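1. how does the following fold in three dimensions:
(chains A and B)
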Amino acid sequence: MRTKKGYTLRSLGNESILVAEGLEAVDFNHMISMNDSATLLWKEVEGKDFDASTLSDILMENYDISRETADHDVAVLLKLWNEANILED
Amino acid sequence: MEKKSLPNEIMLDEVVRLLDENREVVMKPKGSSMLPFIRGEVDSVKLAKPNTLQVGNIVLAYIKGKYILHRIYAINGENVTLMGDGNLQGVERGTKADVKGLVIEIITPEGKIKKPTSGILWRKLLPIRKYLLKIYRKIHKHLHQ
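-> Residues are numbered from 1 along each chain as shown, chains lettered A, B, ... in the order given. This next block holds a predicted model:
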C-alpha cells in the first residue's frame, strides 16, 4: 500500500495535521489530526510502498516496544487510516 | 488520530498564510451570521486572495483581533464596512488591508457549487430582514423535521 497523493502534513500550533491539497485549493474540511507516532510513520513512508510490517519496524526502531505491541498499534492505526481514506493500493 | 476541527484562530491563521501564497482554500465557516446564503457548519466556501474589493463581496477579514466572514456593505477609500447577512444590526469597520480572503465559491454538502452573488436585494431589504430571517428559519426548521 501507499499513502494517498494530495495530502500534506502541516504543523498548526502544537498539532500535526494532515490536510488535503489539490492542485490549487487546500481543503480544510478534510483535515486529520495525527499524534506523534502517526506523524513519524507518515513521514517515513510517504510516497513509498509499505506494508504493516514496515510500520511495525519503524515503531520498534523509535520506541522501546515489543513486536507484539508494535503490530497491535499498527493494526489500529491502519484501520483508522483506511477509514479516513488516506491510503491507496 | 481523529477527524478534527481545530481552534478557529489557529486554522484561520494558516488559511491566511496560504491565501498570501496565492493558494485557494476550502473551509467550512461556523455560525449563522451569513444566513441565508452560507449555512454555518453545513456549507463550505472556497477562498482566494482578493485582487480588488467591491461592495457585495463576501470576505474573510481580521478586524480588531477577530476573524469574520461577512459581506462588504460599504467601501470609502481604504476603509471597509462589513456586516453579516444573517445579522440584524452591528457592522464591523476595518481597512482594505484587514480583508484577507474573498469567497469565490459556496459549496453545499451535496457538492453543488454556487458563485456568490452581490446580495444587492438582500442588502436593500435590511429594514425587513428580521421578518425574512424569521420566515427562512421557520421553513428551514420545517424542512428538517
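
2. when you work out contacts or count neighbours from here on, use the C-alpha atoms and nothing else.
-> OK.

3. most remote residue from chain A's center?
-> Distance from the C-alpha centroid of chain A, by Cα atoms, centre = their mean, peaks at residue A:24 (23.0 Å).

4. contacts only, for that one.
-> Applying Cα atoms under 8 Å, 6 or more residues apart in numbering or on different chains to residue A:24 gives the contacts B:23, B:24.

5. what's it sitting at in phi/psi?
-> Per-residue torsions, residue A:24: phi -120, psi -40 (degrees, to the nearest 10).

6. measure it to residue B:108 for me?
-> As judged by Cα to Cα, to the nearest Å, residue A:24 and residue B:108 stand 19 Å apart.

7. how about residue 55, what does it touch?
-> Since you didn't name a chain, this refers to chain A. A:41, A:74.

8. actually it's chain B I care about, not the one you picked
-> B:71, B:72, B:73, B:74, B:75, B:118.

9. might you report the residue contacts of residue B:24?
-> Residue B:24 sits in contact with A:24, A:25, A:26, B:18, B:46, B:47, B:48, B:49, where contact means Cα under 8 Å, 6+ apart.

10. list the buried residues of the lengthiest helix in chain B.
-> For chain B, the helix that runs over the most residues, judged by DSSP state H, is helix B:129-143. Neighbour-count burial for helix B:129-143 flags B:129, B:132, B:133 (criterion: 16 or more other Cα atoms under 10 Å in any protein chain shown).

11. could you export it as CSV, CA atoms only?
-> Provided in CSV are the C-alpha atoms of helix B:129-143 (Å, rounded to 0.1, in the frame of the first residue of the first chain):
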residue,chain,number,x,y,z
ARG,B,129,-34.6,41.4,7.3
LYS,B,130,-35.9,40.5,10.7
TYR,B,131,-39.1,39.1,9.2
LEU,B,132,-37.3,37.4,6.2
LEU,B,133,-34.9,35.6,8.6
LYS,B,134,-37.8,34.5,10.7
ILE,B,135,-39.6,33.1,7.7
TYR,B,136,-36.3,31.5,6.5
ARG,B,137,-35.7,29.8,9.8
LYS,B,138,-39.3,28.6,10.0
ILE,B,139,-39.1,27.0,6.6
HIS,B,140,-35.7,25.6,7.3
LYS,B,141,-36.9,24.0,10.6
HIS,B,142,-40.0,22.6,8.9
LEU,B,143,-37.9,21.0,6.1
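
12. other SSEs contacting that helix?
-> Packed against helix B:129-143, as judged by 3 or more Cα pairs under 8 Å, 6 or more residues apart in numbering or on different chains; DSSP states H and E, are no other helices or strands.

13. that one: how far from the chain's middle?
-> Here helix B:129-143 is found 19 Å from its chain centre; the criterion is Cα atoms, centre = their mean, to the nearest Å.

14. OK, contacts around the spatially most central residue of chain B?
-> Ranked by distance to the mean C-alpha position of chain B (Cα atoms, centre = their mean), the top residue is residue B:69 at 3.4 Å. Contacts for residue B:69 were tallied using Cα under 8 Å, 6+ apart; they are B:29, B:34, B:58, B:59, B:60, B:61, B:84.
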